[in-house]
Structure formats: structure tokens, C-alpha cells
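>>> Below: sequence and its predicted model.
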Amino acid sequence: MEYLELNGTKEGLSAAVDDMWVLNATYLVFYMQAGFCMLEAGVVRAKNAKSIIMKSIIDTAIGSLLFWALGFGLAFGNADKASNPVIGTSHFFLINYQNLSFFAFQWAFCATSITIVSGSLAERVHVTSCLVYTIVMSAFIYPLSAHWVWSYNGWLRMIGFNGIIDFSGSIVVHIVGGCIGLVGTYLVGPRIGRFDSESGKPKPLPGHSITIYTLGAFIIWYGFYGFNTGSTLGISGGGIAIASRSAVTMTIIACASCATTLLAIKIKSGKYDVVKSVNSLLGGLVSSAAVCSLIDPWAAFIIGCVTSFVYLGCSHLLIKLRIDDPLDSSAIHLGCGIWGALSVGLFSTQENLSLVLKKSTNVYGLFFGGGFEQLGIQLLGIIIVMAWCFFCASILFTILKKFHLLRIEPTKELMGIDIDSAGGPAYQWDN
Amino acid sequence: MEYLELNGTKEGLSAAVDDMWVLNATYLVFYMQAGFCMLEAGVVRAKNAKSIIMKSIIDTAIGSLLFWALGFGLAFGNADKASNPVIGTSHFFLINYQNLSFFAFQWAFCATSITIVSGSLAERVHVTSCLVYTIVMSAFIYPLSAHWVWSYNGWLRMIGFNGIIDFSGSIVVHIVGGCIGLVGTYLVGPRIGRFDSESGKPKPLPGHSITIYTLGAFIIWYGFYGFNTGSTLGISGGGIAIASRSAVTMTIIACASCATTLLAIKIKSGKYDVVKSVNSLLGGLVSSAAVCSLIDPWAAFIIGCVTSFVYLGCSHLLIKLRIDDPLDSSAIHLGCGIWGALSVGLFSTQENLSLVLKKSTNVYGLFFGGGFEQLGIQLLGIIIVMAWCFFCASILFTILKKFHLLRIEPTKELMGIDIDSAGGPAYQWDN
Amino acid sequence: MEYLELNGTKEGLSAAVDDMWVLNATYLVFYMQAGFCMLEAGVVRAKNAKSIIMKSIIDTAIGSLLFWALGFGLAFGNADKASNPVIGTSHFFLINYQNLSFFAFQWAFCATSITIVSGSLAERVHVTSCLVYTIVMSAFIYPLSAHWVWSYNGWLRMIGFNGIIDFSGSIVVHIVGGCIGLVGTYLVGPRIGRFDSESGKPKPLPGHSITIYTLGAFIIWYGFYGFNTGSTLGISGGGIAIASRSAVTMTIIACASCATTLLAIKIKSGKYDVVKSVNSLLGGLVSSAAVCSLIDPWAAFIIGCVTSFVYLGCSHLLIKLRIDDPLDSSAIHLGCGIWGALSVGLFSTQENLSLVLKKSTNVYGLFFGGGFEQLGIQLLGIIIVMAWCFFCASILFTILKKFHLLRIEPTKELMGIDIDSAGGPAYQWDN
């Protein structure tokens, strides 16, 4: 059996093993949907658990269908090799496309990006709004970002010597998801009771199950091994060494970020804060996506420690700005995503970068003497993708608002979305 | 190290990689036990959660031991190559059997089939009945079905040019489990309060945790990647391409089925229905088992959309017939299993079928001009296996009923099985 | 890309596939953290759920950083090949170390060992004590045990013809964790109310969610496939056959142990006991770690049945001695760990042992005529490692006690640790 690869043909056991690697990673990334679903369900109040689960299901099912039909073609449809750097133009519905393990992996990535948004919008928007932004994201916003950053002829890939580097998606997946969520949560406004109506002081609205929330985070961590190490797209030709490095550095970043936060909060307040510690762990995973394959373990430790403060700072800033992001999704995915993408320009070593790019390069991390070029390109890419997402999301959510599809009525918000939209509560303890 | 394969000998890295593939898939399929356990626990009332968890543990532990001791030999014990087409006769207790990864994979499949039944029988039968049907299923009913359909000399494998095709068990696993559950739930009767005693109208008895239920479904989805793609039994010789195709088509079927149901119910009732949407996702996975390797993505989409209506129709029919299947297990596993097995005869392309069978064939899907033969054989196989299951299950549950081992007393049913049989409730919130 | 292996150099696809195997197993072992977290959270009372989750996060995050910085070097730092048999002396912070998949696998093992302890100490110790013992364990106690038993020049590896055999850590991981937990729980004393203050009779303090508890156990089971079969460190050169055997025997041991317990308790008390059945399943997994690769399936069945009584006996003994181990962690990990390590000396076959050791040996299981040597060495190793852990843990917990960092005040214990130390309860059902 022979089949075409995106960049040529492969054959034999080596090719089969590479595809197996990608396929196994795909399973892990799809399993992250379970993690996000639990994370989001646990951190909302019980009265909104069922509807946020519904949103998880919607973004998975509907988003996957749209990405299969349209999104993948827009992102990676370069059949004629002359296709333009802004948008892909072939392979819609997988027509004439054979590299199904690559498709499946990209598919799972898109699902991850979409699922981030429902966290920012939790507890006060219509389920139907989720249906709409899922369609727009999977069929339009995400694919174009992916094309620019990841497709071999994407325009951000062609800037400078290396092009933009986003190994497994701090930009394409997390900044995109975090950005769209941030615009949404800003436009929809805070949950009733989140900020005192007179003093403006924040009041905690704690989630209903830290257990379910933490379970979700652990599942996401597990899935991230597929997310980050599957991005080698194979183990042959040195791929496994890059994958091993990525697994180690991502774990160090996540643990360092988590440990820094938990110790910092303990020292400051005398308490241990599970939610912020776990969010920092997630922030570390997000940071690691862009950079994990390019750094040495000690640099991972530094990146992780900084991630903690990036997350805590962004979370604090959101509150200062009276923006209510129930899961801190934009702090985690946008804030730490930006830090991860920038750290490529700071910490990448020449050796690691050459291995990943499969060519020698003299442009690498600033801290190792690799100059400002990569950092500049990363910054440019971040700005471009954020501008793109802000632009699209502003239009999208404004239209939704106009048609009264965004925010539910106050009485229903107080009662909980589940009874109104999902036919009843998520829990029944007394029958 | 050399060892015998079921169909000959293999050696070297290629064989090792193939076994690794099967072994990794086996882990995923065993992990589905966690999914089924959570799915069933979440959808029953809190007072019955502990005992249904006990049933999950029983079918896993006892069923696995029996299948090791007896079941595998009856299903795949063909040591002398002359063994008969009805029943295997060797390798009991794994004596003189070396292909342990193949055994492990089949083992996990048997466990999956058994665990389906406890869903249909939830909330009103003795835990001990589970012990009995687990033994009978793992040591007798399941192995014979598996022998007929999957063993190279099974009699249903030898009918027609291709023989019956059940790639990863819509028939052997899901129809068997769904059928036995249906007979059981019919004979045991509905739960108290499920149908109004005067009007006969159904009254919902909602489960206690949609969160746990959905978690279970996501875990099952994840495990299904092992279930469906491990059935290539290797990645060499084109196996990985079949696996990649299977992963993609199964995801499309599941998402299309889920999306169709959630939109259909939203349009009809104005509400989003998590349970029915998730059940449709599961129904899609069940349908995909037989057919995932044989179809093109667009056909997967159609099969998925139809699956939604198959599930909803079967679920509706059960209520019409006053059959109370608390998890809709028979609608999902029997109903969608039948549809999946039939769709092999409708949608299989000549190319895909030839690749899977490793021989050229002119008998394939009706819709592609492959004639009625395959559809006929699939239908025959479904009828035979269903008849076998109905026959065995009728005897089994009738005997259980006679010995008062089936249904618990009404007072205990109202009180909950947990306090009676499992030493106390599953949850304690206030200590 | 070339990189050094611990025991020489490898190249090409075969080496890549071996590393892939180890890496995938590593992911599974890290995922066990989710399992332990859920297991422990479910079996404590709701008022202590959040703080025990915090402990899981601490031992994962802090423990991983310490093992990267110090532990791995002490355990496996043999760069100069002349390093001493008691302690490793190089590769701290992974300096000059390239075999990152091997490191990652060992890393995940260390995290598993540490996480065992918090179960024994549940519901009555300061969160901060967890911080301290995590540091000491990951940077000192665990690495030395690992060096003695697993490093190629560890002194217990060099005794007798085969050296001590602990395939995947009944001794290094489970006895170490179980032992330290036992010392801790003994020194900290029972929870208030666990034993009647007058009669001394035990009173059950049931956990708050059997569902979450069982989920944890299933996840641990799943992770154990990585734990036990990843220990082949590859699939080439016969590794996959050892892995397949290990997967099959571990499943039989676990199922036999679980089935024996559930039937024994049902026969004795008329009830089904989920917690004890699941604990026996876990005990079976623990037993299997040392021995799974060395035995035939029927021996696995016997080892499993005995494991059940080992667990039940140890659990009973703890109560007799008025030692309150809320999760029965020491019964499961220490008790069954000892049994597993001893069974190597009883049930190992010559053929299997030779395959695993990659050399012919005449020293094997006593029951197969292999003499007393291996049994003696196993016993010696168990005693040495236990003495080491008792010694270190006694000093550690005594110091913690002296500084009032061990046991929380009685009023806070009655109120629950969560409100005192973790900023509020894990659950909020009514907002």
C-alpha cells in the first residue's frame, strides 16, 4: 500500500511507524476533550454543569465535521503546490487526500482550540452561541491561522531564515482559542455577582467540584504528551530524540510553573490554592507547546518559573479590568501562549533548532547569541494572529449580541442555564 | 525469540512492531472498562451507583478469568487446523499458546461485550445475577459467536466469497452484548415508577451525575480508537493505512451521529439533550466497528447521520414496547450494531475491501455496484448471532428468575440496591 | 541523530522504536497520577478532598523537579562506569545525559512511589508535611533504593548469580512508598473517631465517593500496563514477547486477586465489598510488578489468589494493631509488594528468567527446582530496602512531629483540612 505524504512519498516500515506515532498522538489529543470537558464542568457552578458539558460535545462533534468538510482544506490544502500563502484551496471533504493520520492529528488540534473558548464564556451565554462560534472557528478562523503558521507555504512560515516557529501550537491552538475567548468574555460582560455592583470588588464564584476539575487537568496533561510529542510527525530520522526532549522539557515547564505558583501563594497567603496551582500547570503546558523541542532542560525550568508569574499576572490583570473569565482561559491560553511563543526567540539553542528544522541555522535564541531575528518574527506572528482573532471575534460576537444569541436573560442566569436549555440539572442526589 | 502467529510465523522488527500495535490497542480497550463503569454509574440514581460499579468490577475480573480459562479456547482454539467451524477446541488456559498480544486483544473485546449487559439490567437486579451471566457469557455465548465470525475456520467466515465481515465487532461484541441485555431487561421488567401504572406513560428516572456519565462516554470514545484500529492486528503491510482510515471514518460517524441527534432534538423541542446526544455518539462508535476500515469519509458521514435516527428510533421503540433499558444499551449496541453490520454490505468500496481482505474481491457494497451478496451474508450473520443470543439469554434469565436471583424485592429496589447488597451508599457528603 | 544508551549505543529504526515504546509507557505511568489522585480523593471524606488533591499535585510537581535535579543522578548517575554500588554521582540536572526517554520513564516511577504515601497519611496531616517528605523521598530515599536494585552496578544487583530481580518495581516503587507511609501513619496516629476511645473497636469512616475512587483504580490499572510492560525498555530483540507476557500475567494476577476477595467476602458476609475488591485488584497489580515477566499464566492465577489473602490479612493486621491507614496503602503497596518480590523466587521459570536477563541461568523459582538462592536474595533485598525506608522515615517523621508540621490540631481535623489549609471545600452544591 502506497500513499502520498504531504511533502513527498514514503514507504516501508519506517513510514508505517511514523504514521503509528502520529495516530497514537492523535488519540491522546482527542482524549484531551474529556479533560477540557471535566475541567470546565468542575469549575462552574452545579447549575451550569450540564450546559457546559453540552458545549463541549457541540464543539467536538460539530467542529470536527466542519474541519473535515472545510477547515482542513483551507489550512493544508496545497495540492497544486502553487497555492497561495494566505489560504489553502484543495482537499475539502478529504477529496484526493491520503495522508489520513496527518489529517487526524490536525483535526484533534482544531478541536482543542475551539474547546478553549467555552471556558471564557462559561455560565452566562446561550448554548446556541457555542454552535455558531464553533462553526466559524473550525471552518474559518482557525484554518487560516494554521495555514499561515504551519502550512509549508504559509506566509508567516516564509519570513526570515527559519520562518515563524510554533512547534505544537502555542500560537495556532492556544493564542487563537484564548484570544477569541477573551473577546467573547469582554463583550458578554461579567457574570451576575462576580463584581460587587457598588465597590466593583471581585467576589469568588467557586466551582462545584474541585475533584472533577483536577481530573480534567490531569487528563489534559496526559493528552499534552500526544499534543507536544506527536508534532514530530514521526520517530524516524531523529524524530524520537526530539520527541523525548519535548516530553521531558514540557514536564519540567509544567511542574516548575505549578510549583512556583503553589509556593508563591503559600508564602503570601499561608494557604495552598489548588485551582491556581493547577491553572499554572496548564499554563506551563501551553507555554511548552511552541518551545518544548528547542530547549535544554534547565531552560525549561526557567521558562516554567516565569510562566507562573505570567499566568498570575494575566489573571490579576483580568480582574483589574473587570473582565470575568470563569476558567482564566485567556490568562492560561493567551497569556502563557504568548510567553511560550516568545521564548522560542529567547531560549532555542542552535543545535536543537537545527535538528527540528532539519537544516543548519544561525538564527536562534537571543540568550544564546542567536540574535533578535527569531524573537522579532515570533512577535510579529503573535501580533498578526492576535489581530486576526480579535478582528474576527469582534464581528462574530457583536453579531451574536445583536441577534440576542449571546447572553442569556438575568433570571435564567441566576436559575442556571441547565434548567432552561438542557432540560434539567446535571445532578440528582435525592431519588 | 520466535513465536507462532495465528496464521503463520513472523520475525524481526516488523513483527515486534505489529505486536506492539496490538498491545497498545489492548490497553485502550481494557481502559474502556473505566468508561463503561462511569457511564453506567452516572446514569443510574445515586442509590444504585455502588452496586452497578460492583457489577463492572465483577464482569471485568470474573469475565477475564473465564475467558482466559475457557472462552479463548472455544473462540480461537484451532491448534490442529482441522478443528470444527462451530467451536474451538484447544489452548484452554493458554496452554501451548504463544501469541499473547493477540490473546490479550481478544480478551479485552470479550470484557467489553459483557459490560454492555449491566446497563440494560441496571437498578433492579441482584448483583449475583451479574456474576452468573458473566460466567455464561465469557465462557460460552461470546466465544461461540466470536468463533463463527472471526476464527479463520468459523462457519460464517466461510459463506460466500468474502465471508461475513465484522472488522472490529459490531456483531461479535455489540450485537451480542446488546441482545443479551435486551432479553434480560424484557424478562426482568421495568423499574418501579418507569411507566405510570395506570396510563402506562413513561416517567423519566434521571441519573445522578451527567458529569460522570459524559466522562464515561469520552473514555469509551478514546478506547474505541484502540478497539477499531487495533483490529488491523498490525501496522506493517499496509495495516497502518487501514488503521488511519478507520480512525478517521469512526470519528466522522460518531460526530455525525451526535450532531444529527443534538440538532434534531434542538429543532424539535428547543432544548439540548446531553444524554441522547452522547448516546448517539456512542451509537456511532458502535456502527463504525464493523465498517470503519471499508468506507470513504463521505460515506462515513452518511452512515453517521443514519445512525442517529437508528438510535432514536430504537430508543423510541423500546418505550413504545414498555421495555425499560436504563442506559438505552440495547438501542445503542444492538440497534446501531445491526446498522453498522449492514452498512458493510451497502457502503464498502471494492478497493478498501480488497485491502482489508488482502485479496481482490468483486463482492462489495451494494451502493457501489458490488451486488447483494455481501449484504445478504451480513444479514444472515446478524440473524444467526441474534438468534443464538436470544436463545441462550432466554434460558439463562429464565433460570435466574426461577431461582429468584434476577429481580430484587420491590422494597429494596425503592431503597436502592447499594444499601442492601453493597454495604452502604456510594456517596457520603456530610461527614 | 545519535545518542548514548545506558548500556551502549544503538542506532536506526529499531532504537527509535524502542524509545517510542518507553516514551509511550512513560505517558501511561504519569497518567497514573490522575488515578492515585482520584483514588485518594474518593476514599477520604468530602471535607478533606481538596487538600489531598493538593498533596497529589505537590508530590507530582515538586517531586518531579527534585528527581530531575538530584534524584536521577543519585539513582542512575554512573557516567564514569566506576561509580560506587551505593550511590550514583553524575547527570544531576540531566547534565551530559542524552537518553531522555529512559530518564522520563524513571521519573514517572519516582512520582508513583511518592504519591503512595499521602494515602496512608490522609485526613490528619498538614499539607506542608507532604511538601517535606516529597523532597526527601524524591531527592534521597527513593533514588538510593533505585540505585541498589536497578542500577547496573547497584550492590543488590551484584549479589548471587542473577542479582536481585524487581522487574518493574514491587520493591523499588511499592515497598518504598508503602513502607514510608506505614511509618508515617504509625507515628501520626489514627484519625479521630477511627477507633472507639474506650473499647478500641474500629469504626468505619467511609469515603465520600466510591465512583471517583473506582475511577481512580481503573486509571491506575490502565497506567500499570505502561508501568509493567514499559520495563522491557524496548520491543526489539524479544522485548515485545516479554511485554506481551507481562500484560497478560499482570491482568490475570489483578483479576484473580480481585475475584478472590469479592467472592470470599460475599461468602462470608453476604455482601459485595467494592472497596476491598478494588483494593485487591490494586494489590494484584502491585504484586505483578516484580514478577509479571517471569511466570506462566497459570502461576499468575495462583499468585493472584494468594495476593487477595495477603492484602486482606495485612489490612486486618493494621486494624488489630490500631494503625489507621485510610486507603490501606501499606497493606496494598507494602504487603502485596513483598509478596510480589518473593514470588519471583518461587514462580520464575528458567526460560522466562533467561529471556529477561538475556543470559542462561540455573538460579530460578523454587517451585520449579531453581533452588533457594533467588528466594534468599529477594528476601534480603526486601529486608534491606524496608530497613532503609524505616530508618529514613522514622527520622523524617519524628523531626516533622517535633516541629509540629505533622498532625493538624484536633479542631481543624474535625472541621476538615480543606477549610483550614486549602481555602475552602472541594464541593459547592448549592449556588
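Here it is on my side, so go on.
>>> which bits of the stretch 201-350 of chain A sit near chain B?
Of all the residues in the stretch 201-350 of chain A, those in contact range of chain B (C-beta under 8 Å from any C-beta of the partner chain) are A:209, A:212, A:215. (Glycine included, C-beta is placed from N, CA and C.)
>>> Quick check: which of those are also close to chain C?
A:209, A:215.
>>> Out of the residues of the stretch 201-350 of chain A next to chain B, which comes closest to chain B?
Nearest to chain B, judged by C-beta to the nearest C-beta, of these is A:Ile212 at 5.9 Å.
>>> export the residues of the stretch 201-350 of chain A next to chain B to a markdown table and tack on distance to A:Gln374, secondary structure and neighbour count?
Below are those laid out as a markdown table (distance: C-beta to C-beta, whole Å; DSSP: H, G, I helix; E, B strand; the rest coil; neighbours: other C-beta atoms under 10 Å in any protein chain shown):
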| residue | distance to A:Gln374 | secondary structure | neighbour count |
| --- | --- | --- | --- |
| A:Ser209 | 43 | strand | 28 |
| A:Ile212 | 40 | helix | 26 |
| A:Leu215 | 38 | helix | 29 |
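>>> Please identify the one among the residues of the stretch 201-350 of chain A next to chain B that lies nearest to C:Ile303.
A:Leu215 (31.8 Å; C-beta to C-beta).
>>> Please identify the helix or strand for the closest residue to that closest one other than its chain neighbours.
Nearest residue to A:Leu215, sequence neighbours excluded (C-beta to C-beta, 6 or more residues apart in numbering or on different chains): A:Met38, at 5.1 Å. Using DSSP states H and E, A:Met38 falls within helix A:12-43.
>>> close to chain B, is the helix or strand that comes right after that helix?
Tracing the chain past helix A:12-43, the next element assigned as helix or strand by DSSP H and E is helix A:49-66. Yes - judged by C-beta under 8 Å from any C-beta, helix A:49-66 comes into contact with chain B at A:49-51, A:53-54, A:56-58, A:60-62, A:64-65.
>>> Then stretch A:413-431?
Yes - in terms of C-beta under 8 Å from any C-beta, part of stretch A:413-431 sits within range of chain B, namely A:421-424, A:426-431.
>>> re earlier: same list, the residues of the stretch 201-350 of chain A next to chain B, but as CSV with pLDDT please.
CSV is the format used below for these (pLDDT from 0 to 100):
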residue, pLDDT
A:Ser209, 97
A:Ile212, 98
A:Leu215, 98
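>>> if we can go back for a sec, and the residues of stretch A:413-431 next to chain B, which of them are in strands?
Residues of the residues of stretch A:413-431 next to chain B located in strands (DSSP state E): none.
>>> Buried ones among those residues?
Among these, those buried by neighbour count (16 or more other C-beta atoms under 10 Å in any protein chain shown) are A:421-423, A:426-427.
>>> Out of those, which sit inside helices?
The helices, defined by DSSP state H, take in A:Ser421 from those.
>>> and the buried ones among the residues of stretch A:413-431 next to chain B near chain C, which?
Near chain C, by the rule C-beta under 8 Å from any C-beta, you find A:Tyr427 out of these.
>>> Closest one of the buried ones among the residues of stretch A:413-431 next to chain B to C:Ile192?
The nearest member of these to C:Ile192, counting by C-beta to C-beta, is A:Tyr427 at 30.1 Å.
>>> If I look at the closest one, what pLDDT would I see?
Looking at A:Tyr427, its pLDDT is 95.
>>> For it, list each beta-bridge partner.
On the basis of DSSP bridges, A:Tyr427 is bridged to B:Ser209.
>>> surely it meets B:Pro206?
No - using C-beta atoms under 8 Å, A:Tyr427 is not in contact with B:Pro206; the gap is 9.4 Å.
>>> Briefly note if stretch A:299-318 comes near chain C.
Yes - against chain C, stretch A:299-318 shows contacts by C-beta under 8 Å from any C-beta at A:Phe301.
>>> contact partners of that stretch?
Contacts of stretch A:299-318 with the rest of the structure, by C-beta atoms under 8 Å, 6 or more residues apart in numbering or on different chains, involve A:248-250, A:252-258, A:260-261, A:264, A:276, A:279-280, A:283-284, A:287-288, A:291-292, A:295, A:324-325, A:328, A:330-332, A:334-336, A:338-340, A:343, A:347, C:65.
>>> Show only the entries of these found in helices.
Among the contacts of stretch A:299-318, the ones falling in helices (DSSP H) are A:248-250, A:252-258, A:260-261, A:264, A:276, A:279-280, A:283-284, A:287-288, A:291, A:336, A:338-340, A:343, A:347, C:65.
>>> Find the nearest non-adjacent residue to A:Asp273, please.
A:Ile265 (4.6 Å).
>>> contacting residues for the spatially most central residue of chain A?
Against the mean C-alpha coordinate of chain A, by C-alpha atoms, centre = their mean, the closest residue is A:His174 at 2.8 Å. Applying C-beta under 8 Å, 6+ apart, we find A:His174 in contact with A:113, A:116, A:286, A:289, A:333-334, A:336-337, A:340.
>>> and it, which of the three is it?
helix (DSSP: H, G, I helix; E, B strand; the rest coil).
>>> what about the nearest residue to it once chain neighbours are set aside, neighbour count?
Of all residues not flanking A:His174 in the chain, A:Gly337 sits nearest, at 3.7 Å (C-beta to C-beta, 6+ apart). Residues near A:Gly337, counting by other C-beta atoms under 10 Å in any protein chain shown, number 33.
>>> again with A:Gly160
17.
>>> same thing with A:Ser269?
A:Ser269: 10 surrounding residues under other C-beta under 10 Å.
>>> if I look at it, how far off is chain C?
8 Å (C-beta to the nearest C-beta, to the nearest Å).
>>> Distance to C:Tyr27 added to the residues of the stretch 201-350 of chain A next to chain B, as TSV?
Formatted as TSV, these follow (distance: C-beta to C-beta, whole Å):
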residue	distance to C:Tyr27
A:Ser209	25
A:Ile212	22
A:Leu215	17
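>>> Hmm, A:Ile57 is touching B:Val274, no?
Yes - with contacts counted by C-beta under 8 Å, A:Ile57 reaches B:Val274, the gap being 6.8 Å.
>>> Need the overlap of contacts for these two.
Shared contacts of A:Ile57 and B:Val274 (C-beta under 8 Å, 6+ apart): B:Thr214.
>>> how far is stretch A:202-218 from where the chain is centred?
Between the centre of stretch A:202-218 and the centre of its chain there are 19 Å (C-alpha atoms, centre = their mean, to the nearest Å).
>>> Ok, stretch A:210-226 next?
Here stretch A:210-226 is found 14 Å from its chain centre; the criterion is C-alpha atoms, centre = their mean.
>>> Same check on stretch A:267-285?
For stretch A:267-285 - counting by C-alpha atoms, centre = their mean - the centre lies 19 Å from the chain centre.
>>> Just the CA atoms of it, as CSV, please.
The C-alpha trace of stretch A:267-285 is given here as CSV (Å, rounded to 0.1, in the frame of the first residue of the first chain):
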residue,chain,number,x,y,z
ILE,A,267,4.2,32.1,51.2
LYS,A,268,2.0,35.1,50.5
SER,A,269,-1.3,33.9,51.9
GLY,A,270,-0.5,30.9,54.1
LYS,A,271,-2.9,28.8,52.1
TYR,A,272,-2.5,26.2,49.3
ASP,A,273,-4.5,27.2,46.2
VAL,A,274,-5.5,24.1,44.1
VAL,A,275,-7.1,26.0,41.3
LYS,A,276,-4.3,28.5,40.7
SER,A,277,-1.7,25.8,41.0
VAL,A,278,-3.4,23.6,38.5
ASN,A,279,-4.0,26.5,36.2
SER,A,280,-0.3,27.2,36.3
LEU,A,281,0.4,23.6,35.4
LEU,A,282,-1.9,24.1,32.4
GLY,A,283,-0.2,27.4,31.6
GLY,A,284,3.1,25.6,31.6
LEU,A,285,1.8,23.0,29.2
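>>> that older thread, pull the most distant pair out of the residues of stretch A:413-431 next to chain B.
Greatest spatial distance among those (C-beta to C-beta): A:Ser421 and A:Asp430, at 23.0 Å.
>>> So what angle separates the directions of the host helix or strand of A:Phe301 and helix C:49-66?
For A:Phe301, the host element (DSSP H and E) is helix A:297-320. Put simply, helix A:297-320 runs at 150 degrees to helix C:49-66, going by axes from the mean of the first three to the mean of the last three C-alpha atoms, to 10 degrees.
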